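1. here's my sequence, what's the structure:
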Amino acid sequence: MLLPTLDRIEALRWAEARAALVYWSAWRNLRVTFPRNALARVPNHWRTFGARRSPLTGSGRLAVNPPNAMLNYLYAILESEARIAAVAVGLDPHLGMLHADTDSRPSLACDLMEAVRTRVDEYVLDCIGRQTLQREWFFEERDGNCRLMAGFAARLAEAAPGLASAVVPIAESVAKALIRGRPGVPFDATMTGTRRRPDSFLDKPGVTRRLPAIPHACPRCGRALGKRLGRCPTCAADDLEKTVPQVLKEARWTERPAEVPTTRTSAQLRNAEAARQWNPESLPVWLTQDFYRTRILVELKKIRTIYVARYLSWSESYAAEVRNGKRTPHPRHWQALAVLVKLPHCGNHQSETLSSSQPVRNGRFPCRN
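-> A predicted model of the protein is given here:
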């Protein structure tokens, strides 16, 4: 729906109501975080944002969970600041333009606060999305109405200067627009213009104040924390002691398929059995450990690791360690390595044919060069 096509105030109100339904429906499943040791005392309907309309009134009033109660309280502060700003610029806060005139609300103040309402929404959204709320900050009345405790309400009340700095320019711009084209009506911006008070927090045109920060709390025990801490030292030490062994155990089993440990055990058993059955007398006299290190290992470094691994059915990591001299293979493999590097001392073993799976180039296994 395009706003330029709305030619009546009633149509604009209807469009705003439809947009509000879509807007608040996006908040419905937002999760509200409380300390883990307080979850037993937190009602289930407090743990998500839920609906903006309260089941007690059918509107936003009398909220039934903490985030909506925070919105209502901050909206009330913003409405008060908008009313003060309207009176300061010479406007009647009860003569509204978009909000219908009623006896129970200042309609013009509600019009002014619409331009600043997003600051409140952003503030509450940041609180419930990044902070841990304390159970002690809220209480529930018998009818289900969720209210703020005095200490937490006082902290939220510190947002009044920041909200005032945002709504005052809006009130002055509306006043200027209403007297535009009427040169006989003087207007001077006494709050942000040339005649502003020297001691006012609005000492510069366009100045804004930040809203107060919600105390950062440990998500487990609820203790107050510094800005850069994720949890208190006591809970961090306890979690580290409990979770590190479990995490290491799960990492060993999840980083590989479930059948790998069984396959590895079978390979180790086969290698151990082959080493027991191997006869040391079958090793040629000339094939000693000194010959392996001075001749075979030197030539082995010229062959790529992948071909060494394929030829002897090793893993690439083990073949790389053998090729680099970090590990010495069992003597039963020395003769096969001598055949692999094509040493002349191999005698009849030179005539052994290699498997078709080992690529050969110019009579030799491919080198790194």
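
2. what helix or strand does Asp7 sit in?
-> For Asp7, there is no host helix or strand (DSSP states H and E).

3. just use 19 as the starting number from now, easier for me
-> Let's use 19 as the start, then, which means that last one is Asp25.

4. pLDDT score for the residue lying closest to Thr252 once chain neighbours are set aside?
-> Spatially, and ignoring its direct neighbours in sequence, Thr252 is nearest to Cys239 (7.3 Å; CB to CB, 6 or more residues apart in numbering). Every residue, glycine included, has its C-beta placed from N, CA and C. With respect to pLDDT, Cys239 has a value of 70.

5. Val340 now?
-> Reported pLDDT for Val340: 91.

6. how close does it get to Leu355?
-> Going from Val340 to Leu355 by CB to CB, to the nearest Å gives 8 Å.

7. shared neighbours of those two, which are they?
-> Here Val340 and Leu355 have 318, 347 as joint contacts, going by CB atoms under 8 Å, 6 or more residues apart in numbering.

8. any chance you could map the strands in this structure?
-> 156-158, 164-166 (DSSP state E).

9. ok, the last one: who's next to it in the sheet?
-> The reference is to strand 164-166. Strand 164-166 pairs in its sheet with strand 156-158 (antiparallel), by DSSP bridges.

10. give me the mean pLDDT for the partner strand.
-> So the average pLDDT for strand 156-158 ends up being 92.

11. list the contacts of it.
-> Strand 156-158 is contacted from outside by 61, 64, 84, 87, 164-167, 170, using CB under 8 Å, 6+ apart.

12. and what of stretch 65-82?
-> With CB under 8 Å, 6+ apart, stretch 65-82 has contacts from 38, 42, 45-50, 52, 63, 83, 85-87, 89-90, 93, 146, 161-164.

13. quick one: buried ones out of the residues you listed?
-> 42, 45, 50, 52, 83, 85-87, 89-90, 93, 146, 163-164 (16 or more other CB atoms under 10 Å).

14. can you name the two of those that are farthest apart?
-> Phe52 and Tyr93 (23.1 Å; CB to CB).

15. where along the stretch 119-268 of the chain do the helices fall?
-> For the stretch 119-268 of the chain, the helices defined by DSSP state H, counting those that start in this stretch occupy 125-131, 135-148, 168-175, 178-197, 251-272.

16. which of those is buried the deepest?
-> Of those, the one with the most neighbours on average (mean count of other CB atoms under 10 Å) is helix 125-131, at a mean of 24.

17. can I get that helix as CSV, trimmed to CA atoms?
-> Taking C-alpha atoms only, helix 125-131 is exported to CSV below (Å, rounded to 0.1, in the frame of the first residue of the first chain):
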residue,chain,number,x,y,z
SER,A,125,-3.6,13.4,21.3
LEU,A,126,-1.0,15.8,20.1
ALA,A,127,1.6,14.4,22.4
CYS,A,128,0.9,11.0,21.0
ASP,A,129,1.3,12.4,17.5
LEU,A,130,4.7,13.8,18.5
MET,A,131,6.0,10.7,20.1
